[in-house]
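**Student:** build the 3D model from these lines:
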Amino acid sequence: MRPARDFFTPLAVGAPQPLREIPPRPSRAIHFFDPSNEKMAGKVPGMVGTVDVLLGNLEDAVKAANKEAAREGLVRIAQETDFGNTQLWTRINALDSPWVLDDLTRLVTAIGDRLDVIMVPKVQGAEDIHYVDRLLAQLEAKAGLEKPLMVHAILETARGMANVEEICGASPRMQGLSLGPADLAADRRMKTTRVGGGHPGYLVRQDPTDGSAEAIAAERTSYQQDLWHYTIARMVDACAMHGMSAYYGPFGDIADTVACEDQFRNAFLLGCVGAWSLHPKQIEIAHRVFSPSPEDVAHARRVVEAMGDGTGAVMLDGKMEDDASLKQCLVMVDLAEQLAAADPALAERYAAAEKEASA
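**Tutor:** Alright, predicted model coming up:
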């Protein structure tokens, strides 16, 4: 067993000191792009500043014949682009693939100083993170990096889901987790071919008015349910326990922006901080959904001000607010301040709502 005091000791001589906490940075939308696609890659510099995270994808969406081109394309983009406040992430190939070792050795030594997060797909357990952790330390030492790269795991298997707490606690590098609904659905043998979102067959139905055949056969109200509620809630709990961030993954129906927004909002309310974007139109949705509304932030600030030292209870607009309310409001205010620092337009909306609330 590894002693607790050694947990923050570098895993390789010359590697940077492990992080004691993950720096809070806005990541409402993680926008994927294929570095081997010249048209798509050409749009990346113009997207800097318009999205919190740009992610060079090397895995599933890239054909086997294009793996090397995608890797080299990402190196070129990272070297030639000033990303400013936009984070640069990458999703490497699966740990059991023939490409992953070259992904890590090439990217860390060539552009490790420009990368923020390495997303690891199909993580099964803590052992996968331990492998990546040690290898990254060796490569960071070789490249002379001064800050450690962070790791983000995708939950795409039943085993990974069962081991989610151990995965979160496997390394100080762990930045967050994302739900991978398509692969997870297949691994669980779920009967859906959708990429994220609900399913019309997964529902609850209103009880019949009585036990007669006519009442049972009559039209009754039904409500579509969320296939992913349990998974997201458990993922959020594991992340919160370890000081990490939870993310909704992809929503595959690009045209259905309404359902996409609903799914993103469900994830936001449960505690996720962002979602994947597969198309530019989903960026705007993610930015809107994962930013607290100006009205909610203004109310949260009023509660914080009214609570004073945080003890006792107060009445505000006919509602009781106490220490539990204060904790909820502080979460809202802290997030709003982080987002406002990176998004001037959002900062203006927050300021206007707060001025109106205090008038």
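
**Student:** and the strands in this protein?
**Tutor:** Using DSSP state E, the strands of the chain run over 29-33, 53-57, 87-91, 117-120, 150-155, 174-179, 203-205, 222-224, 245-248, 274-277, 313-316, 319-322.

**Student:** name the helices or strands packed onto the second one?
**Tutor:** Right, strand 53-57. strand 29-33, helix 67-80, strand 87-91 (3 or more Cβ pairs under 8 Å, 6 or more residues apart in numbering; DSSP states H and E). Using the backbone N, CA and C atoms, a C-beta is placed for each residue, glycine as well.

**Student:** one more time with 6 Å
**Tutor:** When contacts are defined as 3 or more Cβ pairs under 6 Å, 6 or more residues apart in numbering; DSSP states H and E, strand 53-57 sits against strand 29-33, strand 87-91.

**Student:** give me the mean pLDDT for it.
**Tutor:** For strand 53-57, mean pLDDT is 97.

**Student:** could you do stretch 133-144 as well?
**Tutor:** Mean per-residue pLDDT for stretch 133-144: 98.

**Student:** which parts of it are buried?
**Tutor:** Neighbour-count burial for stretch 133-144 flags 133, 135-141, 143 (criterion: 16 or more other Cβ atoms under 10 Å).

**Student:** what's near enough to touch the residue nearest to P294 when sequence neighbours are not counted?
**Tutor:** Nearest non-adjacent residue to P294, counting by Cβ to Cβ, 6 or more residues apart in numbering: A353, 3.3 Å away. Applying Cβ atoms under 6 Å, 6 or more residues apart in numbering to A353 gives the contacts 294-295, 298.

**Student:** what subset of those residues is buried?
**Tutor:** The neighbour-count test (16+ other Cβ under 10 Å) marks 294, 298 as buried among the contacts of A353.

**Student:** pLDDT and distance to P18 for the contacts of A353 - can I get that in a markdown table?
**Tutor:** Below are these laid out as a markdown table (pLDDT from 0 to 100; distance: Cβ to Cβ, whole Å):
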| residue | pLDDT | distance to P18 |
| --- | --- | --- |
| P294 | 88 | 38 |
| E295 | 88 | 40 |
| A298 | 87 | 39 |
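
**Student:** tell me the most buried of the helices and strands packed on strand 53-57?
**Tutor:** Per-stretch averages of neighbours, counted by mean count of other Cβ atoms under 10 Å, single out strand 29-33 among those, with a mean of 24.

**Student:** shaky segments in the stretch 251-359 of the chain?
**Tutor:** 359 (pLDDT under 70).
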